[in-house]
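*Asks:* heads up, no residue letters with this:
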C-alpha cells in the first residue's frame, strides 16, 4: 500500500473523498492476491499452456488404412498455434485462459470471423449476467452481449473451488501479515539485558545506563552495527513472531495444495514420478479435455465433424517423459496387442498413421526381462 499516495489524496481536497476507496481497493488487492495462490495459478496455467493443437481430417476406410490429413495452414490452426491475436503468443494467451478459468470459475473466449474465416480470438475480461442463450461480456472496457453458441466457454469442472480456497489463503496470509507487521514494528527495537561492571544501583547509574542504551539503539537502528564498551555485556531476549503453530500452517498449506490436486514438491522439482503422474492425470488432462471438447463442439459444424474434421489437443509426451520411458511404453503397448502403431502415433505423438501401422501385433516369443534361462518361451 503506497503511503505517499494515501497522504497525497488526503491533503488534496479534490481527491480527499477517494481516499477511502483507494484504501479499500488496496486491502482487497492483498486479499485477492495470495503468494500461495499466485504460485499455484502460475504453475497450472503455464503447464496446461504447453498444449499442442492439430487440425486434422480423418478418413475411415473399411479395407485400407485410415487416412489422416493435417491442415497446418487452416485458419483454426493458425490462430491456435501461431497468433491468437495481435497482442499474445499462443502460450501467453492459453495461460491467461486457464488462469482465468481457475480463478473465476469460467473463461470466455470470443472468436472473430471475417467472411467466415477465423482471424483472431480474445479472452473476455469478465463474464456476467448469464442468460438462457446469451452472456454479457466485458472486453477492453466495452460491454457486449453475445449468443453463447458464438463464444467458447471454458468452465472449471471443479465447482466452488475458489471460494473454499480463499478461506484457507485468507488464514495463511493473515498469519504471514501478522508476522510481517511484528517484524516491521520491532525492527527498531532491541530487547535484552545490559550488564555493567558495577554493583551499585543509584540514580546516576540509571541515567548513565539509559543514555548508553539510547546510544546503542541509535547506532544499531534498522539493522545497523552497534558496539559494546569494555566491561559491558548484552544478552538479547528472543522475540516470538509466530501467530499460529507451524503444524497448523502446514495443515492449511496441505489443504490448499490438495484442493488443486497438486503436491508442494512440484514447486521444488523434488517430486516423484508417481506424484507428477497424479498431477498430470487429475489436473493437466482435466483442463486439456475442457479446451478440447469446447473448441471441437463450437468451431466445427455437424457436417464438418461427419466429414472427419476435428481438433487434436494433446501434450507432447517428450516434454513430460523421457525418450527412454516413452519408447518403452509404446513398445510394450504395441507388442502386447493393446494398440497398433497408428493408434499410438495419433494418440500420444499427434502423428499420422502409415501403411501397415493399422495391424495389431503381438510377440508370443517375448521373454520377461530377468526371467531365468531355460524357462518357457
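*Replies:* Everything's here; your move. Just so it is clear, the model here is predicted, and its values are computed rather than measured. Residues are numbered from 1 along each chain as shown.
*Asks:* Make sure residue 212 is indeed in a strand.
*Replies:* No: judged by DSSP: H, G, I helix; E, B strand; the rest coil, residue 212 forms no part of a strand; its state is helix.
*Asks:* Please, where are all the helices along this protein?
*Replies:* Counting by DSSP state H, the chain has helices at residues 3-11, 19-32, 35-48, 75-81, 90-104, 161-185, 203-219, 246-260, 273-279, 285-299, 302-306, 317-320, 323-335, 341-344.
*Asks:* The third one packs against which elements?
*Replies:* Applying 3 or more C-beta pairs under 8 Å, 6 or more residues apart in numbering; DSSP states H and E, we find helix 35-48 packed against helix 90-104, helix 161-185, helix 246-260, helix 285-299. The way it works is simple: take the backbone N, C-alpha and C, and place the C-beta from them, glycine included.
*Asks:* Which parts of it count as buried, going by neighbours?
*Replies:* By neighbour count with 16 or more other C-beta atoms under 10 Å, helix 35-48 contains the buried residues 36, 37, 40, 41, 43, 44, 45, 47, 48.
*Asks:* now the residues you listed in CSV, with pLDDT and distance to residue 260?
*Replies:* Listed next are these as CSV, based on pLDDT from 0 to 100; distance: C-beta to C-beta, whole Å:
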residue, pLDDT, distance to residue 260
36, 73, 10
37, 78, 9
40, 88, 5
41, 90, 9
43, 92, 9
44, 93, 7
45, 94, 11
47, 93, 12
48, 94, 12
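*Asks:* Throw those residues into CSV and include distance to residue 113, thanks.
*Replies:* Listed next are those as CSV, based on distance: C-beta to C-beta, whole Å:
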residue, distance to residue 113
36, 40
37, 36
40, 35
41, 31
43, 34
44, 30
45, 27
47, 30
48, 26
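*Asks:* From the residues you listed, pick the one nearest residue 76.
*Replies:* Closest approach between the buried residues of helix 35-48 and residue 76, by C-beta to C-beta: residue 48, at 19.1 Å.
*Asks:* so the closest one touches residue 98, yeah?
*Replies:* Yes: in this structure, residue 48 is within contact of residue 98 by C-beta atoms under 8 Å, at 4.6 Å.
*Asks:* hey, what's in contact with both of these two?
*Replies:* residue 287 (C-beta atoms under 8 Å, 6 or more residues apart in numbering).
*Asks:* number of nearby residues for residue 93?
*Replies:* Here the count is done by other C-beta atoms under 10 Å, and residue 93 has 21 residues near it.
*Asks:* Next up, the contacts around it.
*Replies:* 84, 85, 121, 123.
*Asks:* Now do the contacts for residue 344.
*Replies:* 330, 333, 334.
*Asks:* low-confidence ranges in the protein?
*Replies:* 1-34, 160-202, 204-206, 216-217, 219-249, 252, 318, 363-377 (pLDDT under 70).
*Asks:* Show me it divided up by domain.
*Replies:* By the assignment in automatic domain parsing, the chain contains the domains 18-159, 187-238, 322-366.
*Asks:* Which one, of the ones you listed, ends up nearest to residue 311?
*Replies:* Closest approach to residue 311 among the domains of the chain (C-beta to C-beta): domain 18-159, 5.7 Å.
*Asks:* top of the contacts of residue 344 by neighbour count?
*Replies:* Greatest neighbour count in those, by other C-beta under 10 Å, goes to residue 334: 19 neighbours.
*Asks:* Contacts only, for that one.
*Replies:* Applying C-beta under 8 Å, 6+ apart, the residues contacting residue 334 are 340, 341, 344, 361.
*Asks:* with the residues you listed in mind, which one is nearest to residue 131?
*Replies:* residue 344 (44.7 Å).
*Asks:* What number of neighbouring residues does the residue lying closest to residue 118 once chain neighbours are set aside come out with?
*Replies:* Excluding the flanking residues, the one nearest residue 118 by C-beta to C-beta, 6 or more residues apart in numbering is residue 75, at 4.3 Å. Residue 75 has 18 neighbours, counted by other C-beta under 10 Å.
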